[in-house]
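*Asks:* pasting a predicted model and its sequence here:
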Amino acid sequence: MTVYRTYWEIILKNIGGIILFVGIPIIIVILFFGTSGTADGTAYSSKKLPIAVINEDGNQVILNGLLKSLEPYVEYVEIENEQNQIQDALFFRDVSYILKIPQGFAQGIYEGQESKLGKISIEGSYYSVQIDQIIQQYLDTWRIYQEQMPNLELEEILEYVSRDLSKSVRVDIVTDTSLLETNDRISTYFNLLAYSSIGSLILGIGGTMGAFRQGGMRRRMLCSPLTTACLYRKLFICNLIFAFFIWLIGVVTGFVVIGKPMFSTLAVCIMANYFIFVICSMSIGILISYLVRSPKALTPVANTVSLCMCFISGVFVPQSLLSTQTNMLGSFTPMHWYIKANNTLSTYTTLTWKSIESIGYHLLIVISFSAACLAVALAVSKLKETEET
């Protein structure tokens, strides 16, 4: 009982820093989402997708017809053709789809070549698939008339294509918008919790584990009838309880902020994924407790580790907007795979065993990180004990 009581006394001494780590993302979520719950999930309505068009090919008949054919389904937004402007527009959801028309595209179509359009869209967007289908249908119909009736003028081809598409093809972008918004709220909330969990667990566990190995505390433990193995077993149990409390605080706050959708199958799967990540964060905290000797260095270390992981793993900036190099660097952290699993789950409107199995690889990597950190921590512990004896 002495070990347990001492453990929680040390935790209480560091409670200020822990509250900051836990509270900051929760406050951000409350300000961002509000506490109003969600709308009725049974209402279905069509929705125009905000898109931007970057036209480098000028005023062409085929392009004018293409843009006109998209008008019933999209809302055009003007942005500058600069990388920063494009990334900001996607990040702030000013647009969900950017269509890039390269120079010479129309001439390539007229000459029967395989000209391709460029696009940038939000990862996992249902709407972008529909837009791709509309564009492909338009271009395929144009090619058919051009190949079968080569003597037609461009304006005549456009007239035939527009007539055929208006009569035979009608695509309604119909979706349960409230369900998609709810999925996004849940995944975004638990993505932000990654910052609080890893920071608070490094600070809390690092402080307690370090205190038990320093000065008078260590000498008292050596004089007690408690074996070293029993001591570390009890500390590990305390760490598990502390990690569970961190997980529970995040989940309970989720019920308050998000409301009824937290009872959905998607939310349960993401909560389970979050629990696995919290255990992994606990393992990282245990490892860092052996690597950082000074208690004063724990707060800077916790901040550095948590912030660095968040920036390269997709917590603060969506993974779809990060560069290939950044995503590759982030893949060496468990947080990257935790975020990726959440993002994958949020793209499903209905969850089946097959869709859950699709994130099994991500979960396995996070679990492997946990085991690796605990193994390295155990090796470092044995090495330090050997040096001290």
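*Replies:* Nice, thanks for sending it over. Since this is a predicted model, take the numbers as computed values, not measurements. Numbers count the residues shown, from 1 in each chain.
*Asks:* against which helices or strands is the helix or strand harbouring residue 129 packed?
*Replies:* Here residue 129, judged by DSSP states H and E, is contained in helix 126-148. Counting contacts by 3 or more CB pairs under 8 Å, 6 or more residues apart in numbering; DSSP states H and E, helix 126-148 packs against strand 49-55, helix 61-70, strand 97-101, helix 105-110, strand 118-121, helix 154-168. Every C-beta, even on glycine, is put in place using the N, C-alpha and C of the backbone.
*Asks:* for those, which one sits closest to residue 142?
*Replies:* helix 154-168 (5.3 Å; CB to CB).
*Asks:* other SSEs contacting the closest one?
*Replies:* helix 61-70, helix 126-148.
*Asks:* which one, of those helices, ends up nearest to residue 11?
*Replies:* Comparing the helices and strands packed on helix 154-168 under CB to CB, the one sitting nearest is helix 126-148, at 44.7 Å.
*Asks:* what about the closest one, average pLDDT?
*Replies:* Averaged across helix 126-148, pLDDT comes to 86.
*Asks:* kindly report the same for stretch 164-178.
*Replies:* 57.
*Asks:* do stretch 258-271 as well
*Replies:* On average, stretch 258-271 scores 88.
*Asks:* list the buried ones in it?
*Replies:* 258-259, 261-262, 264, 266-267, 269-271 (16 or more other CB atoms under 10 Å).
*Asks:* for those, which two are the farthest from each other?
*Replies:* The distance between the two most remote of these (CB to CB) is 17.8 Å, for 259 and 269.
*Asks:* quick one, helices of the stretch 201-350 of the chain?
*Replies:* 215-223, 228-258, 265-291, 298-313, 324-330, 334-346 (DSSP state H, counting those that start in this stretch).
*Asks:* mind giving me the packing neighbours of the shortest one?
*Replies:* Based on contacts counted as 3+ CB pairs under 8 Å, 6+ apart, the elements that helix 324-330 packs against are helix 298-313.
*Asks:* how far does the helix it packs on sit from the chain's center?
*Replies:* 17 Å (CA atoms, centre = their mean, to the nearest Å).
*Asks:* for it, name the packing helices and strands.
*Replies:* Going by 3+ CB pairs under 8 Å, 6+ apart, helix 298-313 lies up against helix 15-33, helix 177-212, helix 265-291, helix 324-330, helix 334-346.
*Asks:* show me which residues of that helix are buried.
*Replies:* Buried residues in helix 298-313 (16+ other CB under 10 Å): 298-299, 301-303, 305-306, 309-310, 312-313.
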